[in-house]
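A.B. asks: Here is the input, now give the coordinates:
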Amino acid sequence: MALFGFRLQTLATISLRSRHTDDDIITFAVAINEVVRGQCSGRSAAFGGGTIDMAFVPATVGTGSWDRDFLVGPFDIEPEDSIRVFYSVTNIGDTQIPDPKAEKLQIEIMDKMLVAAVGFVAGPAGLALGVIGEILGKALGLIPSPIATALGWKPNGPCNGVVLGGGVDFTGTGLGQLEFVDRPSLPSGVGPEQASKVTRHYDDEATHDIEKCGAIAQTDLTFEVMKFARVVSVRAHASRRRPTAPQLRDGLRQLRPNAGPVGVRQLLGLQAI
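C.D. replies: Take a look at the predicted model:
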């Protein structure tokens, strides 16, 4: 058994989905044995030829084990476990959406992405480039009209839509075979010992209108697989699960006040309940 986390690190924008600045909703999630254990989402402007460092883009909504650093996990992972890291970037720049409504739209997009990614059977090389993006693009167009209107979302126009959507599959054994280098702690104080970078290239050719929006969007996405020490800080991980109640003097049961007996590692999100 080993302890691994996953963090979205950078989005290198080679070319945008729109002709000018994109306003992107970014999602990042991890499923283990087809169960989503953590997901999060944030919002950022994107510029052609620029790189978004996710250390400066806080995740603002999420479920499961996640934090503002776009770190999902860490989780206890066995060699035989199947792991899927999946993500999406959606441009909403053609409509001016205030932050409260944008956060609701982030939740809608995360829900649609889960349907697109969880249960999708990947080939031996992992998820086909753009497949989740195509499924997600169709799914976003199916957000009910009253919800879309209330959120100010216009999925078709003219350059709104999915910039990228995809993912990478691993096994627990495969994670242990990655090339790791030493890494400093994150700003949150949750510190992995080592990390390995994974980069994938995406474009939006399948859903892009060249006449209206110019050249197809191209993006290099990089995330880190982080290897943590087996000894973890209860204080650090408890505060990640309940940021508004980080004090431990009230006990760990505050993390699941209505639950029956569970282990400490389960309460901290390191193991599935």
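A.B. asks: got the phi/psi numbers for H208?
C.D. replies: phi -100, psi 140 (degrees, to the nearest 10).
A.B. asks: May I have the residues that are in contact with it?
C.D. replies: Applying C-beta atoms under 8 Å, 6 or more residues apart in numbering to H208 gives the contacts 17, 216-217. For glycine as for every other residue, the C-beta is placed from the backbone atoms N, C-alpha and C.
A.B. asks: any idea which of those has the most stuff around it?
C.D. replies: R17 (31 neighbours; other C-beta atoms under 10 Å).
A.B. asks: Find me the pLDDT at the nearest residue to it once chain neighbours are set aside, would you?
C.D. replies: Distances taken as C-beta to C-beta, 6 or more residues apart in numbering place A217 nearest to R17, at 4.0 Å, with adjacent residues excluded. pLDDT recorded at A217 is 90.
A.B. asks: same question, V131
C.D. replies: Predicted confidence (pLDDT) for V131: 57.
A.B. asks: where along the stretch 51-200 of the chain do the strands fall?
C.D. replies: 51-53, 61-64, 71-77, 82-91, 161-171, 181-182, 194-203 (DSSP state E, counting those that start in this stretch).
A.B. asks: Tell me which other helices or strands the third one touches.
C.D. replies: Judged by 3 or more C-beta pairs under 8 Å, 6 or more residues apart in numbering; DSSP states H and E, the packing partners of strand 71-77 are strand 2-15, strand 22-32, strand 35-46, strand 218-228.
A.B. asks: want to throw the strands of the stretch 51-200 of the chain into JSON lines with mean neighbour count?
C.D. replies: Formatted as JSON lines, the strands of the stretch 51-200 of the chain follow (neighbours: other C-beta atoms under 10 Å):
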{"stretch": "strand 51-53", "mean neighbour count": "17"}
{"stretch": "strand 61-64", "mean neighbour count": "18"}
{"stretch": "strand 71-77", "mean neighbour count": "25"}
{"stretch": "strand 82-91", "mean neighbour count": "25"}
{"stretch": "strand 161-171", "mean neighbour count": "25"}
{"stretch": "strand 181-182", "mean neighbour count": "8"}
{"stretch": "strand 194-203", "mean neighbour count": "17"}
